[in-house]
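*Asks:* Any chance you could fold what I've pasted below:
(2 chains, ligands or ions: 3)
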Amino acid sequence: MYAFEYHRPSSLDEAVALLTSEDIKPLAGGQTLIPTLKQRLAMPEALVDLGRIEALKGIRKEGDAIVIGAGTTHAEVAASEVVRGAIPALARLAGLIGDPQVRNRGTIGGSIANADPAADYPAAVVGLGATIHTNTRTIAGDDYFQDLFTTALDENELITAVSFPIPQAAAYEKVANPASGYAVVGVMVAKTAGGVRVGVTGAGPCAFRATAIEDALARSFTPEAAKGVAMPADGMNSDIHASAAYRAALISVLASRAVAACGG
Amino acid sequence: MSIPISMTVNGQPVSGSVEPRTLLVEFLREQLHLTGTHVGCDTSQCGACVVIADGVSVKSCTALAVQCDGSQVTTIEGLANGATLHPMQQAFNDHHGLQCGFCTPGMVMSAVDLVTHAPNPTDEDIRKGLDGNLCRCTGYQNIVRAVKAGAEGMRTGMGG
Ligand SMILES: Cc1cc2nc3c(=O)[nH]c(=O)nc-3n(C[C@H](O)[C@H](O)[C@H](O)COP(=O)(O)OP(=O)(O)OC[C@H]3O[C@@H](n4cnc5c(N)ncnc54)[C@H](O)[C@@H]3O)c2cc1C
Ligand code: FES
Ligand code: FES
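*Replies:* Numbering: from 1, shown residues only, chains lettered A, B, ... in the order given. Ligands and ions are numbered 1, 2, ... in the order given. As a prediction, the model looks like this:
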């Protein structure tokens, strides 16, 4: 690691005031940032540790939504009675991330800010139609992920919370990379007041909605309907773990499993 | 730039001065000379460096020492009570849950954390609970047996 300076603000305002240039980066659970620093893939002048900002922590039900503070760990989401009661698929997703130690430190804000193409939470942000709250504005989940590791966040904009509307039913299914746990493909299917949503991670450069499957499920909410949609392989990721065509096929298969898990 | 930090390690108050980039495992091994916590991969994957910080298991190669300023940390050295091994350590001994022993401190710490949160784990719970720990020797079967026995030892307050 290159040397850097370290700040530990205790309030969001202090943190925002410290984030004055693109060479100063926020640090959350460190489960992505610390490995990146060790590989010298980043050289920030200073880190601003968000870990002691109480306002970024916690989970609450607010009307028809579950609001999760950016600094909430994956383990806290997985174990939360509030989340398990309202959106069990989201608790399950959090419990499938990495391993126990990664879940004990990694946070939802860090995961969504990082926007790894194979991360799990992006499928929930898109599939459940979440809203990202930042220190300056709110961003619709549909507009948030833009490309590989690229989001709608401005330089030094901080995620403060993510709110997930409570669906009528939802399920998350993934094929995990056996070594890391990251999604080769992960699919969140949700039945909501506004229709069926299908959020996909792992398959493309960033999370997206499989609208062809959504249309098929709007006509018939059955596993067969999801499986019957052939997703195009164009633009899908291809690597040693899976070809583009295999990933495209997995989307329909995992969507059909998720529909079955929703009782469809 | 050096930053003063203090924490409670294995029940003892300790303090030191670290660069921001100092990892928790470096502070434990190099400043406190607690070399029971191992570094296997240094890439957040093998779990040889697992310690318990503020009640949960963490990979000490993937936490900065400054992030743990004020924390309560337990390392493998903090488990035994004098000459009496912790039930989980005793169970690894009794059930041959190790060969070379390099992964063992991390395995034991992850297992203690697992059993603290799930006192009566199934084999499946144990395998999932040890997802973040790699062993290149044992083939895991005896580790699972040891953790099961260690869980029973922790429940009854006896050696495994
Ligand atoms: C072995 C291993 C296995 C893993 N497996 C999986 C997996 O299966 N699925 C999965 O989804 N992930 C996986 N991860 C990644 C893990 O979920 C990370 O916790 C997550 O990607 C980053 O969260 P963090 O809190 O650790 O963020 P950090 O590493 O601290 O930060 C990540 C990035 O986000 C920025 N950031 C952090 N917080 C904010 C904020 N509030 N606002 C704006 N920017 C912010 C940081 O500046 C940095 O650029 C794995 C990681 C490891 C080490
Ligand atoms: S040394 Fe920390 S996970 Fe391998
Ligand atoms: S006993 Fe040798 S690595 Fe596990």
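
*Asks:* contacting residues around the residue of chain B found nearest chain A?
*Replies:* Closest contact between chain B and chain A, by Cβ to the nearest Cβ, is at B:Gly132 (3.0 Å). (Each C-beta comes from the backbone N, C-alpha and C, glycine too.) Taking Cβ atoms under 8 Å, 6 or more residues apart in numbering or on different chains, we find B:Gly132 in contact with A:98-102, B:45, B:47, B:50, B:57, B:59, B:110.

*Asks:* Need the contact partners of stretch A:188-196.
*Replies:* Stretch A:188-196 has contacts (Cβ under 8 Å, 6+ apart) with A:89, A:93, A:123-124, A:126-129, A:165, A:167-172, A:197-199, A:214, A:217-218, A:221, A:226, A:255, A:258-259, A:262, A:264.

*Asks:* hmm, 6 Å instead?
*Replies:* By Cβ atoms under 6 Å, 6 or more residues apart in numbering or on different chains, the list of residues contacting stretch A:188-196 from outside reads A:123-124, A:127-128, A:167-172, A:197-199, A:214, A:217-218, A:255, A:258-259.

*Asks:* So which bits of that stretch are buried?
*Replies:* Across stretch A:188-196, burial judged by 16 or more other Cβ atoms under 10 Å in any protein chain shown covers A:188-192, A:196.

*Asks:* give the contact list for A:Asn114.
*Replies:* A:Thr32 are the contacts of A:Asn114 under Cβ under 6 Å, 6+ apart.

*Asks:* Can you list phi and psi of it for me?
*Replies:* Note on A:Asn114: its backbone torsions stand at phi -70, psi -40 [degrees, to the nearest 10].

*Asks:* so what's residue 74 closest to, chain neighbours aside?
*Replies:* In the absence of a named chain, chain A is used. A:Arg103 (3.9 Å; Cβ to Cβ, 6 or more residues apart in numbering or on different chains).

*Asks:* looking at chain B here, not the other one
*Replies:* B:Ile52 (4.3 Å).

*Asks:* just B:Val144 next, same as before
*Replies:* B:Ile126 is the one closest to B:Val144 (Cβ to Cβ, 6+ apart), at 5.1 Å.

*Asks:* Mind checking what helix or strand follows the helix or strand containing the one you found in sequence?
*Replies:* Using DSSP states H and E, B:Ile126 sits in helix B:123-129. Using DSSP H and E, the next helix or strand after helix B:123-129 towards the C-terminus is helix B:141-156.

*Asks:* Chain neighbours aside, what residue packs nearest to A:Glu157?
*Replies:* Nearest one to A:Glu157, counting by Cβ to Cβ, 6+ apart, is A:Thr134 at 5.0 Å.

*Asks:* Beta-bridge partners for the nearest residue to A:Pro165 once chain neighbours are set aside, please?
*Replies:* Spatial nearest neighbour of A:Pro165, chain neighbours left out: A:Ala65 (5.0 Å); criterion: Cβ to Cβ, 6+ apart. For A:Ala65, the beta-bridge partners are A:Glu62, A:Pro165 (DSSP bridges).

*Asks:* separation between A:Ala65 and ligand 2?
*Replies:* Using Cβ to the nearest ligand atom, to the nearest Å, A:Ala65 is found at 36 Å from ligand 2.

*Asks:* so that residue touches A:Ser163, yeah?
*Replies:* Yes: under the criterion of Cβ atoms under 6 Å, A:Ala65 makes contact with A:Ser163 at 4.5 Å.

*Asks:* and A:Leu41, how many neighbours does it have?
*Replies:* 8 (other Cβ atoms under 10 Å in any protein chain shown).

*Asks:* Tell me who's in contact with the residue positioned nearest the centre of chain B.
*Replies:* Geometric centre of chain B, nearest residue: B:Met109, 2.8 Å, by Cα atoms, centre = their mean. Taking Cβ under 6 Å, 6+ apart, we find B:Met109 in contact with B:50-52, B:57.

*Asks:* go on, A:Leu254?
*Replies:* Counting by Cβ under 6 Å, 6+ apart, the residues that A:Leu254 touches are A:173, A:185, A:187.

*Asks:* Using CSV, list the CA coordinates for the helix or strand the second one falls within.
*Replies:* Assigned by DSSP H and E, A:Val185 belongs to strand A:183-192. Extracted C-alpha coordinates of strand A:183-192, given in CSV (Å, rounded to 0.1, in the frame of the first residue of the first chain):
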residue,chain,number,x,y,z
ALA,A,183,-22.4,-14.0,-8.7
VAL,A,184,-21.6,-15.6,-12.0
VAL,A,185,-25.3,-14.6,-12.5
GLY,A,186,-27.8,-13.5,-9.9
VAL,A,187,-31.5,-12.7,-10.5
MET,A,188,-34.0,-10.9,-8.2
VAL,A,189,-37.6,-11.4,-9.3
ALA,A,190,-40.2,-9.2,-7.5
LYS,A,191,-44.0,-8.9,-7.8
THR,A,192,-44.8,-5.3,-7.0
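
*Asks:* Give the pairing partners of that strand; include direction for each.
*Replies:* strand A:169-176 (antiparallel), strand A:195-201 (antiparallel).

*Asks:* Can you list the buried residues in the last one?
*Replies:* With burial defined by 16+ other Cβ under 10 Å, the residues of strand A:195-201 counted as buried are A:196-201.

*Asks:* what element comes up after that strand heading to the C-terminus?
*Replies:* Assigned by DSSP H and E, the successor of strand A:195-201 is strand A:208-209.
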